[in-house]
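Chemist: sequence below, structure please.
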Amino acid sequence: MTATTPSRVAAAIDAAHAEGRGAFVGYLPLGFPDLQTSIDAAVLLAESGADVLELGPPYSDPVMDGTVIQEATVAALAGGFRLRDTFTAVREITARVDVPVLVMTYWNPVMQYGVDRYADDLLAAGGAGLITPDVTPDSASDWIAASERTGLDRVFLAAPTSTDERLDLILEASTGFVYTVSTMGITGERAELDAAARGLVDRMRARSTGTLRACVGIGISTPDQVTGVLEYADGAIVGTALVRALRDGGLESLAETARALSAGTRLPA
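Modeler: Got it, this is the predicted structure:
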């Protein structure tokens, strides 16, 4: 992976490893159950052990998201969330905690807002970069240029079905980490993680010409699953379990769930 400026996200992953842990990347939707509570929830998630925050502005057609996250984003949109609220939230969160904040966004809102304007406003708000699930490096030249200019991280997705040629593009273009999809399909909890994730990370490590940081997401919901993923990956991404905890038990339940998941990141001596 290449980068023109030091990556705050990569530094957070490396810092976790220096402490004998894998990285814990925690996802929450912005605006759920309301904007201020989503800000407080993200801060609490960072304070409860997340090394990197992944925040999702609600989108009207969340094709990758499972039922729990879809319901939360629908509620956020119904509550009046607007795209500009993304930057308000990131600004307040980064003022309160030092954990890097990535925005997980579908590409259409970025294009409508303006790629350079979006990058500039995210940088001004203290954001660390974007996770872009529905755009590939070969069709993201504007974003790659904007991220090079601003120093924001660009996290692309790799799937078990990715060809070697596509993996090479993803490895070359990604900074921070590569979002490694554990199983084909939508986000949500799985009783057992797809073993294809391990094979995909092995393929990427074999093809990487630099320092690969691979974080696995989609389907991770328990501390044991976090521990299992970190046998071969650099970080574990958890979303649905955190959103469910916030929905069902509020901030206290979210913090309890986050602490338990964080406890699963300890690597064997």
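
Chemist: contacting residues around A124?
Modeler: In this structure, A124 makes contact with 87, 91, judged by C-beta atoms under 8 Å, 6 or more residues apart in numbering. (Glycine included, C-beta is placed from N, CA and C.)

Chemist: show me what the one helix or strand L261 maps to is packed against.
Modeler: Using DSSP states H and E, L261 maps to helix 240-263. In terms of contacts (3 or more C-beta pairs under 8 Å, 6 or more residues apart in numbering; DSSP states H and E), helix 240-263 is packed against strand 23-29, helix 35-47, helix 67-78, helix 223-229.

Chemist: which strands and helices lie in contact with the third one?
Modeler: So the one you mean is helix 67-78. strand 23-29, helix 240-263.

Chemist: out of these, which is closest to A15?
Modeler: strand 23-29 (8.6 Å; C-beta to C-beta).

Chemist: got the angle between that closest one and helix 67-78?
Modeler: Here strand 23-29 points in a direction 50 degrees away from that of helix 67-78 (axes from the mean of the first three to the mean of the last three C-alpha atoms, to 10 degrees).

Chemist: tell me what angle the helix or strand bottoming out on mean pLDDT in the chain forms with helix 35-47.
Modeler: Each helix and strand of the chain was given a mean pLDDT (mean pLDDT, DSSP states H and E); the minimum falls on helix 67-78 at a mean of 83. Helix 67-78 runs at 140 degrees relative to helix 35-47, counting by the same axes, to 10 degrees.

Chemist: now helix 67-78 - C-alpha only, PDB.
Modeler: Provided in PDB are the C-alpha atoms of helix 67-78 (Å, rounded to 0.1, in the frame of the first residue of the first chain):
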ATOM      1  CA  THR A  67     -31.300  -5.400   8.700                       C
ATOM      2  CA  VAL A  68     -30.100  -3.900  12.000                       C
ATOM      3  CA  ILE A  69     -28.000  -1.200  10.400                       C
ATOM      4  CA  GLN A  70     -30.600  -0.600   7.600                       C
ATOM      5  CA  GLU A  71     -33.300   0.000  10.300                       C
ATOM      6  CA  ALA A  72     -31.000   2.400  12.100                       C
ATOM      7  CA  THR A  73     -30.200   4.400   9.000                       C
ATOM      8  CA  VAL A  74     -33.900   4.600   8.000                       C
ATOM      9  CA  ALA A  75     -34.600   6.000  11.500                       C
ATOM     10  CA  ALA A  76     -31.700   8.500  11.100                       C
ATOM     11  CA  LEU A  77     -33.000   9.800   7.800                       C
ATOM     12  CA  ALA A  78     -36.500  10.000   9.200                       C
END
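
Chemist: can you report phi and psi for the nearest residue to D168 once chain neighbours are set aside?
Modeler: In this structure, D168 finds its nearest non-sequential neighbour in R207, 6.2 Å apart by C-beta to C-beta, 6 or more residues apart in numbering. With angles defined as degrees, to the nearest 10, R207 sits at phi -100, psi -20.

Chemist: same check, this time on L53
Modeler: phi -100, psi 130.

Chemist: any idea how far the nearest residue to it once chain neighbours are set aside lies from V68?
Modeler: Of all residues not flanking L53 in the chain, V101 sits nearest, at 4.7 Å (C-beta to C-beta, 6+ apart). V101 sits 22 Å away from V68, going by C-beta to C-beta, to the nearest Å.

Chemist: so for the two, which sits in the more crowded spot?
Modeler: Shown here are V101 and V68; by other C-beta atoms under 10 Å, V101 has more neighbours (24 against 21).

Chemist: which residues touch that one?
Modeler: Per C-beta under 8 Å, 6+ apart, neighbours of V101: 42, 52-53, 55, 90, 93-94, 126-128.

Chemist: just the residues you listed now: which is nearest W143?
Modeler: Nearest member of those to W143, counting by C-beta to C-beta, is G127, at 13.7 Å.

Chemist: let me know the pLDDT of that closest one.
Modeler: Predicted confidence (pLDDT) for G127: 98.

Chemist: phi and psi next, for it.
Modeler: phi -70, psi 160.

Chemist: next, count neighbours for the closest residue to it other than its chain neighbours.
Modeler: Counting by C-beta to C-beta, 6+ apart, the nearest residue to G127 once its immediate chain neighbours are dropped is V90, at 4.7 Å. Neighbourhood size, V90 [other C-beta under 10 Å]: 27.
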